[in-house]
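> my questions concern the predicted model and sequence given below.
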Amino acid sequence: MTEITGFVATSDQALPLHVLDREQFKAWNASQPPALQAWLQSQNFTASGHSVALLPGEHGIAGAVIGIGDAGDAYSYAHAPHALPEGTVWKLATALEPAQQDLLQLGWGLGSYRFDRYKARNRAPARLLASPSAEVAALVTASLRVRDWVNTPTEDMGPQQLEDAARALANAHGAQLEAITGDALLEQDFPAIHAVGRASHRAPRLIVLRWGKDTDPSLVLVGKGVCFDTGGLDIKPADGMRNMKKDMGGAAHALALAGLVMAQGLPVRLTLLVPAVENAIGPDAFRPGEVIATRKGLSVEIDNTDAEGRVILGDALTFASEQQPDLVLDFATLTGAARIALGPDLPALFSNDDAVAQQWLQAGEQTRDPVWRMPLWRPYLRYLHSGIADLANAGSRMGGAVTAALYLERFLADGQRWAHLDVYAWNDGERPGRPAGGEALALRSAWAMLKARYA
């Protein structure tokens, strides 16, 4: 299990920590001794966002001020653990409302993270004297799980390891788990998952987790679990393949959200579906121009083997619809087109239900964990036309994120309420609280949306 660092429950060495925005700092600074005012002025410190000032004392550091921007954004506080001196412990010296204290603790937990499976940390984070609430701890844990799973190289995070992660979650929360593996996918009518994953030496599988009471509303979470994507026979160039360990980022989000749902006891009947494969190159790799079968009964012509995520998700979404759930949510690192349109920090949201979309948009604004709604513009289905099959898995590069979402929608039952998140799951560079590498995006807003909908 991912461990939360950066907190300590008791300490007699804790130093006072003042948490202030620029306006609050002006009033606080005016009440300080002239010598301290001069010290802060000499550093041009104004408590701007992501800033820190250490306060001098007779025997060294007497305290600190951290400057914040948006008080409602957990990342406004996330710089503190690595900006404050290593080994120090801090106690809050500013009167904050409980909700802001939760955000401080959430940001502190996120900002304390470093991926250290293969390389020791350069330094430990400063620690906050606090005991986060169960929900804050669960949110931090879920976010760090996404980071850990996405950061882990494929040799240690293949289809079997994804199954192991799901099994650990199931065991922790009393859920049931099964995995339909290898040729059993054909026997149980998941031919598209099998087709994409059959070339790898590591067997493809569909991971199925079930939890909750039969009397509660049914929720299905689906995550794209392409543990590595070479592009298949339509092979990616080197720079496009370099970070493809992250192509299971959708699965990481769905797994982490499932863990959050179970940890917080959300009253739903949860089903988690993760089609887990490697899109490998080998004698049995699926080929451009092939027509493959699907659980839905639709035939799919393979226009491009690098559009494999939607192919495996099609079988999973059909199975999801068979559960007749209240809602299906899928998460996928699906298209570069979404990144070109919205950049790395704004996941593209597609939904066939306006109420669900609006709930997620509102949750994104409230949690500062945003999504951006994109159109299911059905006239673009023409770009998925095939002359020999019911549809193609790709085609024109026009509206690539839209056509990918439209492809997925074809595999749902008529009237099935659904939302799809095309998520990057990655930080390209270092920012306060956001180290380079795997990242959880719209996970906290997804939880807020589900909590408002079902709790």
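Arrived safely.

> show me how the chain divides into domains.
7-129, 138-454 (automatic domain parsing).

> start to end distance for the shortest one?
So that's domain 7-129. Using Cα to Cα, to the nearest Å, one end of domain 7-129 lies 6 Å from the other.

> got it, and the longest one?
End-to-end distance for domain 138-454, by Cα to Cα: 18 Å.

> mind listing the strands the strand with the most length in the chain pairs with, and their directions?
Counting residues, the longest strand in the chain under DSSP state E turns out to be strand 269-279. According to DSSP bridges, strand 269-279 has the following sheet partners: strand 205-211 (antiparallel), strand 218-223 (parallel), strand 225-229 (parallel).

> out of those strands, nearest to L406?
Proximity to L406 (Cβ to Cβ) singles out strand 218-223 among the strands paired with strand 269-279, at 16.5 Å. In this view, the C-beta of every residue, glycine as well, is placed from N, C-alpha and C.

> got the buried residues for that closest one?
Using 16 or more other Cβ atoms under 10 Å as the test for burial, strand 218-223 gives S218, L219, V220, L221, V222, G223.

> how about the strands of the stretch 201-350 of the chain, start to end?
In the stretch 201-350 of the chain, the strands defined using DSSP state E, counting those that start in this stretch lie at 205-211, 218-223, 225-229, 269-279, 291-292, 300-301, 327-332, 348-351.

> ok so A179 is a strand residue?
Yes: per DSSP: H, G, I helix; E, B strand; the rest coil, A179 lies within a strand segment.

> what distance do you get for it to R167?
The spacing between A179 and R167, counted by Cβ to Cβ, to the nearest Å, is 8 Å.

> got it, and A413?
29 Å.

> ok, and what's touching the host helix or strand of T141?
Assigned by DSSP states H and E, T141 belongs to helix 134-151. With Cβ atoms under 8 Å, 6 or more residues apart in numbering as the test, helix 134-151 has contacts from 1-2, 4, 102, 105-106, 109-110, 113, 115, 117, 132, 157, 162, 165, 245-246, 248-249, 251-253, 255-257, 259-260, 263-264, 425-426, 435, 437-440, 443-444, 447.

> among the residues you listed, name the ones in helices.
102, 105-106, 109-110, 162, 165, 249, 251-253, 255-257, 259-260, 263, 443-444, 447 (DSSP state H).

> bridging residues for L272?
L209, L221.

> what's around it, how many residues?
When neighbours are defined as other Cβ atoms under 10 Å, L272 has 28 of them.

> from M262, how far out is it?
L272 is 10 Å from M262, by Cβ to Cβ.

> and Q188, by the same measure?
Distance, Q188 to M262, using Cβ to Cβ: 25 Å.

> A425 now?
21 Å.

> go on, G415?
28 Å.

> who has more neighbours, these two?
The neighbour comparison of G415 against M262 (other Cβ under 10 Å) goes to M262, with 22 against 9.

> let me know the pLDDT of that one.
For M262, the pLDDT comes out at 98.

> got phi/psi on L412?
Phi and psi for L412, reported as degrees, to the nearest 10, are phi -90, psi 160.

> right, and it touches V328 too?
Yes: shown here, L412 and V328 form a contact pair, counting by Cβ atoms under 8 Å, at 7.0 Å.

> more crowded one of these two?
More crowded of L412 and V328, by other Cβ under 10 Å: V328, with 27 against 20.

> tell me what the more buried one is bridged to.
Beta-bridge partners, per DSSP bridges, of V328: V220, W418.

> wouldn't it be in contact with G415 here?
No: taking contacts as Cβ under 8 Å, V328 lies outside contact range of G415: 11.6 Å.

> buried ones in stretch 142-157?
142-152, 154, 157.

> should've said stretch 75-94
75-84, 88-90, 92, 94.

> now it - C-alpha only, CSV.
Provided in CSV are the C-alpha atoms of stretch 75-94 (Å, rounded to 0.1, in the frame of the first residue of the first chain):
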residue,chain,number,x,y,z
TYR,A,75,-1.8,22.6,-4.5
SER,A,76,-1.4,26.1,-3.0
TYR,A,77,0.0,24.5,0.1
ALA,A,78,1.9,21.6,-1.6
HIS,A,79,5.3,23.4,-2.0
ALA,A,80,5.8,23.6,1.8
PRO,A,81,7.1,20.0,2.5
HIS,A,82,10.1,20.4,0.3
ALA,A,83,10.6,24.1,0.6
LEU,A,84,10.9,24.0,4.4
PRO,A,85,14.1,22.5,5.9
GLU,A,86,14.4,18.7,6.0
GLY,A,87,13.7,17.1,9.4
THR,A,88,11.7,20.0,10.7
VAL,A,89,8.2,19.6,12.2
TRP,A,90,5.6,22.4,11.9
LYS,A,91,2.4,23.2,13.8
LEU,A,92,-0.2,25.5,12.3
ALA,A,93,-0.1,28.9,13.8
THR,A,94,-2.8,30.5,11.7
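
> relative to the whole chain's centre, how far out is it?
25 Å (Cα atoms, centre = their mean, to the nearest Å).

> what's the answer for stretch 444-455, then?
Worked out by Cα atoms, centre = their mean, stretch 444-455 lies 15 Å from the chain centre.

> buried residues in that stretch, which are they?
R444, S445, A446, W447, A448, M449, L450, R453.

> same thing with stretch 171-187?
Across stretch 171-187, burial judged by 16+ other Cβ under 10 Å covers H173, A175, L177, A179, I180, T181, L185.

> as TSV, those with pLDDT and distance to Q24 would be great.
Formatted as TSV, the buried residues of stretch 171-187 follow (pLDDT from 0 to 100; distance: Cβ to Cβ, whole Å):
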residue	pLDDT	distance to Q24
H173	98	41
A175	98	45
L177	98	49
A179	98	53
I180	98	56
T181	98	57
L185	98	58
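
> ok, those vs I207, which is closest?
A179 (5.2 Å).

> show me what the closest one is bridged to.
Beta-bridge partners of A179, counted by DSSP bridges, are I207.

> residue contacts, it?
So A179 contacts E163, R205, L206, I207, V208 (Cβ under 8 Å, 6+ apart).

> and for P283?
Per Cβ under 8 Å, 6+ apart, neighbours of P283: A199.

> find the nearest non-adjacent residue to L406, please.
L381 (5.4 Å; Cβ to Cβ, 6 or more residues apart in numbering).

> got it, and E439?
N427 (4.8 Å).

> number of nearby residues for the one you found?
By other Cβ under 10 Å, neighbour count at N427 equals 18.

> how about G297?
G297 has 10 nearby residues by other Cβ under 10 Å.

> what separation do you get for it and D315?
In terms of Cβ to Cβ, G297 sits 11 Å off from D315.

> V222 and A405, how far apart?
Taking Cβ to Cβ, one finds V222 at 13 Å from A405.

> on that earlier part again, closest one to R368 out of the contacts of A179, please.
I207 (31.2 Å).

> OK, contacts around that closest one?
L162, E163, A166, L177, E178, A179, G225, L272, L273, V274, P275, A276.

> need the residues you listed in JSON lines (columns: distance to A64).
Formatted as JSON lines, the contacts of I207 follow (distance: Cβ to Cβ, whole Å):
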{"residue": "L162", "distance to A64": "41"}
{"residue": "E163", "distance to A64": "45"}
{"residue": "A166", "distance to A64": "41"}
{"residue": "L177", "distance to A64": "46"}
{"residue": "E178", "distance to A64": "51"}
{"residue": "A179", "distance to A64": "49"}
{"residue": "G225", "distance to A64": "43"}
{"residue": "L272", "distance to A64": "42"}
{"residue": "L273", "distance to A64": "47"}
{"residue": "V274", "distance to A64": "43"}
{"residue": "P275", "distance to A64": "48"}
{"residue": "A276", "distance to A64": "45"}
